[in-house]
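*Asks:* Build me a model from this:
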Amino acid sequence: METASIPNPSIIERQRMNVDIVCVGFGPATAGFLTTLSKQLVNADGTPAVESAAMPGMPPQVLCYERADDIGFGVSGVVTKARALRATFPELDSAQIPMTVPVGEEKVLYLLDPIGASRRSATLRAADAMVRAFKWALPVEHDALNLPWTPSFLHKDGGLILSMGQFMQWVGAQVQSTGTVQIWPGTPLAEVLIEKTTTADDRSAPVPGAAMSDANQASNNKLAEHSNVAAPEDGRTPGRRSKVVGVRLIDQGVDKKGQPSDGFTPGMDIHAALTVVADGPVGPIGQQLDAHFGLPEGHHTRDWAVGMKFVVDLPEDTPLKPGTVLHTFGFPEPEIFGFLYVHPDRVASLGIFVPSWFDSPMRTAYRQLQHWMLHPYLWRYLKGGKLRSWGAKTLGESGRRGEPHLVGDGYARVGEGSGSTNVLTGSGVDEAWATGTQLAEAVIELLKAKKPFTKQNLDETYVKRRHASWVEKEAIVAEKSRDGFQKGVVRGMIGMALAGLTNGKLTLAGDPVPPWKRIPSIEEYYRGRVSPEEIAKLQAECQARNSSLHGALMEKAGWPAIPYDGQLLMSHQDALLMGGKVQAPAGYADHVEFLNPELCEKCGAKICIEACSGQAITLGDAGVPNFDREKCVHCGACVWNCAQPLPDNPERTNIAFRAGTGGLHSAEN
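*Replies:* Prediction:
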């Protein structure tokens with residue numbers, strides 16, 4: 001009997017394609033970049049405005065690879081001031097974009113706890129008592145205080161409510177209609193290609209730890225994940241430095257471990273003069289660049305949040321008008337912020353943000369989201385509604401302090417993964433778009449001047465533009481605005497107000513630490529509410545039926561069971577199927593890996609299981625979790641929720657998040 005011949009990874013031959021510019025990920029930053037760039041590559045008569053080096057006589061060859069199966073399968077219903085968007089589209093008519101509406105009424109609400117189950121400090125309990133005692137004189141209704149005054153930095157006057165899925169499809173259609181850009185969805189990128197350049201004669205050689213040969217690929221990837229700070233560019237080999245020369249597509253026809261199997265097709269190497277990296281806060285290419293080049297001194301990525309949302313049909317008799325924006329805080333736990341944005345045609349995006357400074361070993365978003373929806377102030381609007389779609393994503397909350405090296409030889413970084421999010425205003429889309437347009441203007445300048453994409457040239461064009469813009473000025477104001485949350489919610493809210501009102505001159509201090517350092521044990525967290533004996537019993541019961549622990553513990557601590565109605569309130573699995581439409585094709589490797597099984601075995605918290613947005617991580621044998629790729633929504637929450645740091649690099653955890661396929665399949669997010 002003949003057996004199929006499986007290629008030897010050490011001798012895999014890969015196809016190569018040369019282009020001028022390759023983009024990693026199609027989000028708001030890349031969309032801004034490609035929209036601006038595509039308009040300036042060809043003259044009105046159809047001749048190239050600038051010429052391609054990869055294909056002489058033609059306009060520059062520009063490719064964009066997006067991991068998701070469609071360019072509209074992102075996750076974010078947003079409200080934005082839309083300054084950068086309107087600068088790109090001065091005649092923008094919101095009616096052109098489905099689910100888009102100008103911002104109308106805005107409210108900020110402090111939600112009281114109508115159940116008595118949330119963990120509130122003595123200060124908050126006293127404040128709650130005061131609000132209830134004087135509710136006859138305050139704007140209080142349905143256990144919510146409508147703040148009579150909202151700081152101007154939180155307002156989105158003149159802005160837009162968007163569905164990012166619909167917006168990205170609209171932008172993508174415009175970009176591709178120019179004929180100068182190709183966008184390829186459903187095409188994850190596995191690795192960044194890095195070479196060592198010899199400055200004396202410009203010769204190059206592969207970099208250890210980057211894509212070099214498949215024989216060393218797995219070990220080098222692991223080395224990269226274990227290291228967050230690289231040696232200086234000239235620190236290892238005098239006269240040589242690193243240069244990004246492109247990206248490698250993910251291998252197809254492999255098993256869960258990435259080993260070649262039936263139908264094996266090696267990923268192609270895409271070589272480009274410029275690689276634009278915009279794969280978000282947990283994207284594999286961005287992570288590899290951070291591992292190789294390190295972060296600038298004093299910078300870190302220690303602040304995170306997971307955002308989870310529903311898109312719903314509101315009841316037919318809803319009083320909420322299109323353009324309504326509600327921001328909430330205080331419930332279900334004081335650390336959790338919520339939002340509700342009303343689109344046209346009785347459609348609303350709503351959800352919560354669960355931050356890394358929510359010090360709970362049961363840091364679950366889905367159950368908290370359901371309790372948030374059931375708050376009396378919100379449920380009166382939502383009761384009778386129906387789920388349309390569901391999703392979740394990680395948000396990088398370090399802001400300017402999370403800014404990596406923005407440029408290097410052959411690469412530039414834009415968008416959320418480049419630290420552009422404003423953590424004071426909670427704004428990210430407009431800032432990301434702006435960084436993309438700034439890079440496009442720099443690229444056009446360099447192409448017309450026939451200058452190479454070196455670090456120096458990109459610094460003098462892109463970085464200079466960015467640091468002179470409103471994005472940087474407002475990021476400086478916001479930089480330390482959330483530090484107070486490291487020491488409590490009340491301190492954090494006061495610190496944000498001080499930063500906003502004084503343009504960042506005054507803040508309340510608090511040193512951000514890696515999330516794993518903040519996590520108490522389950523017994524510590526529930527002390528006085530659930531005894532250690534009861535916790536042990538619940539753990540045994542949940543392990544026997546292979547279910548997560550948070551639901552049982554929350555109900556034991558006083559949270560009521562969720563009254564499922566099958567329309568809006570439903571099990572997590574039903575939300576995955578009905579709202580997320582989650583799926584993943586066969587023939588690809590698992591993109592979540594538990595690096596050191598021995599660390600998992602000794603972990604008592606297993607927050608990765610409780611925090612998993614798609615229930616893709618479950619209890620496994622000997623304490624090492626199982627991962628189901630077909631349920632993963634690629635939110636990346638497991639990476640920063642892992643309670644086990646790597647022994648040789650405590651800035652990184654025991655979970656590696658690699659390139660992968662599948663995920664959400666809804667364009668309404």
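*Asks:* Pairing partners for Phe657 in the sheet, please.
*Replies:* Val592 (DSSP bridges).
*Asks:* Next, the contact list for it, please.
*Replies:* Counting by C-beta atoms under 8 Å, 6 or more residues apart in numbering, Phe657 touches Val282, Pro284, Gln287, His591, Val592, Gly636, Cys638, Val639. For the C-beta atoms, the positions are set from N, CA and C on the backbone; glycine is no exception.
*Asks:* Check Trp184 too.
*Replies:* Leu63, Cys64, Tyr65, Glu66 are the contacts of Trp184 under C-beta under 8 Å, 6+ apart.
*Asks:* partner strands of the helix or strand harbouring the first one, parallel or antiparallel?
*Replies:* Going back to what we said before, that points to Leu63. Using DSSP states H and E, Leu63 sits within strand 62-65. Paired strands of strand 62-65, with direction, are strand 16-24 (parallel), strand 181-184 (parallel) (DSSP bridges).
*Asks:* chain center to the helix or strand following that strand: distance?
*Replies:* On the C-terminal side of strand 62-65, the nearest following helix or strand under DSSP H and E is strand 77-80. Remark: strand 77-80 is offset 15 Å from the chain centroid, using C-alpha atoms, centre = their mean, to the nearest Å.
*Asks:* helices or strands up against strand 77-80?
*Replies:* strand 160-163, strand 337-342, strand 347-355, helix 429-449 (3 or more C-beta pairs under 8 Å, 6 or more residues apart in numbering; DSSP states H and E).
*Asks:* so of these, which one's packed in deepest?
*Replies:* strand 160-163 (a mean of 27; mean count of other C-beta atoms under 10 Å).
*Asks:* List the buried residues for the very next helix or strand once past it?
*Replies:* Next helix or strand after strand 160-163 toward the C-terminus (DSSP H and E): helix 164-177. Residues Met164, Gly165, Gln166, Phe167, Met168, Gln169, Trp170, Val171, Gly172, Val175, Gln176 are the ones in helix 164-177 that count as buried (16 or more other C-beta atoms under 10 Å).
*Asks:* sorry, back to before: can you put the helices and strands packed on strand 77-80 in CSV and add distance to Pro625 and mean pLDDT?
*Replies:* Below are the helices and strands packed on strand 77-80 laid out as CSV (distance: least, C-beta to C-beta, whole Å; pLDDT from 0 to 100):
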stretch, distance to Pro625, mean pLDDT
strand 160-163, 33, 94
strand 337-342, 28, 97
strand 347-355, 20, 96
helix 429-449, 32, 97
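*Asks:* Only alpha carbons, please: show the stretch of helix or strand Gly391 belongs to as PDB.
*Replies:* Assigned by DSSP H and E, Gly391 belongs to strand 386-396. The C-alpha coordinates for strand 386-396 follow below in PDB (Å, rounded to 0.1, in the frame of the first residue of the first chain):
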ATOM      1  CA  LYS A 386     -33.600  40.400  18.400                       C
ATOM      2  CA  LEU A 387     -29.900  39.600  17.900                       C
ATOM      3  CA  ARG A 388     -28.500  40.200  14.400                       C
ATOM      4  CA  SER A 389     -24.800  39.700  15.000                       C
ATOM      5  CA  TRP A 390     -22.200  39.300  17.700                       C
ATOM      6  CA  GLY A 391     -18.500  39.700  18.000                       C
ATOM      7  CA  ALA A 392     -15.500  40.500  20.200                       C
ATOM      8  CA  LYS A 393     -12.000  42.000  19.800                       C
ATOM      9  CA  THR A 394      -9.000  43.000  21.900                       C
ATOM     10  CA  LEU A 395      -8.300  46.700  22.300                       C
ATOM     11  CA  GLY A 396      -4.800  47.900  22.900                       C
END
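*Asks:* in the stretch 101-250 of the chain, which spans are helices?
*Replies:* For the stretch 101-250 of the chain, the helices defined by DSSP state H, counting those that start in this stretch cover 122-133, 164-177, 214-226.
*Asks:* from the middle of its chain, how far away would the longest one be?
*Replies:* Relative to its chain's centre, helix 164-177 lies at 20 Å (C-alpha atoms, centre = their mean).
*Asks:* Against which helices or strands is that helix packed?
*Replies:* Partner elements for helix 164-177 (3+ C-beta pairs under 8 Å, 6+ apart): helix 28-38, strand 181-184.
*Asks:* Out of the ones you listed, flag the one nearest Leu446.
*Replies:* Comparison of these against Leu446 by C-beta to C-beta identifies helix 28-38 as nearest, at 11.6 Å.
*Asks:* Quick one: mean pLDDT for the closest one?
*Replies:* Across helix 28-38, pLDDT averages out at 97.
*Asks:* again, but for stretch 254-264
*Replies:* pLDDT averaged over stretch 254-264 gives 92.
*Asks:* do stretch 644-658 as well
*Replies:* Summarised as a single mean, pLDDT over stretch 644-658 is 93.
*Asks:* The helices and strands packed on strand 77-80 into JSON lines, with extra columns for distance to Asp565?
*Replies:* Below are the helices and strands packed on strand 77-80 laid out as JSON lines (distance: least, C-beta to C-beta, whole Å):
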{"stretch": "strand 160-163", "distance to Asp565": "24"}
{"stretch": "strand 337-342", "distance to Asp565": "19"}
{"stretch": "strand 347-355", "distance to Asp565": "16"}
{"stretch": "helix 429-449", "distance to Asp565": "32"}
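*Asks:* for stretch 15-33, the distance to its chain's centre please.
*Replies:* 18 Å.
*Asks:* now for that stretch, what's the gap between its first and last residues?
*Replies:* 27 Å (C-alpha to C-alpha, to the nearest Å).
*Asks:* cool, stretch 37-49 as well?
*Replies:* 11 Å.
*Asks:* swap in stretch 545-552?
*Replies:* 12 Å.
*Asks:* what's in contact with it?
*Replies:* Where contact means C-beta under 8 Å, 6+ apart, the residues beyond stretch 545-552 that reach it are 362, 364, 367, 522, 538-539, 541-542, 606, 609-610, 615, 618-619.
*Asks:* let's see 7 Å
*Replies:* Met362, Thr364, Arg367, Leu538, Gln539, Cys542, Ile609, Glu610, Thr618, Leu619 (C-beta atoms under 7 Å, 6 or more residues apart in numbering).
*Asks:* again, but for stretch 501-510
*Replies:* Here stretch 501-510 has contacts from 151, 476-481, 483-487, 491, 494-495, 498-499, using C-beta under 7 Å, 6+ apart.
*Asks:* among these, which are in helices?
*Replies:* By the criterion of DSSP state H, membership of the contacts of stretch 501-510 in helices covers Ile476, Val477, Ala478, Arg491, Ile494, Gly495, Leu498, Ala499.
*Asks:* Show me the two of those that sit farthest apart.
*Replies:* The largest separation in these, counting by C-beta to C-beta, is between Ile476 and Arg491 at 21.5 Å.
*Asks:* Please identify which of these two sits among more neighbours.
*Replies:* More crowded of Ile476 and Arg491, by other C-beta atoms under 10 Å: Arg491, with 18 against 13.
*Asks:* State the pLDDT value of that one.
*Replies:* 94.
*Asks:* my guess is Phe310 meets Leu350, correct?
*Replies:* Yes - using C-beta atoms under 7 Å, Phe310 makes contact with Leu350 at a distance of 5.6 Å.
*Asks:* Pull the contacting residues for Asn654.
*Replies:* Phe594, Leu595, Asn596, Leu599, Cys600, Cys642, Gln644, Leu646.
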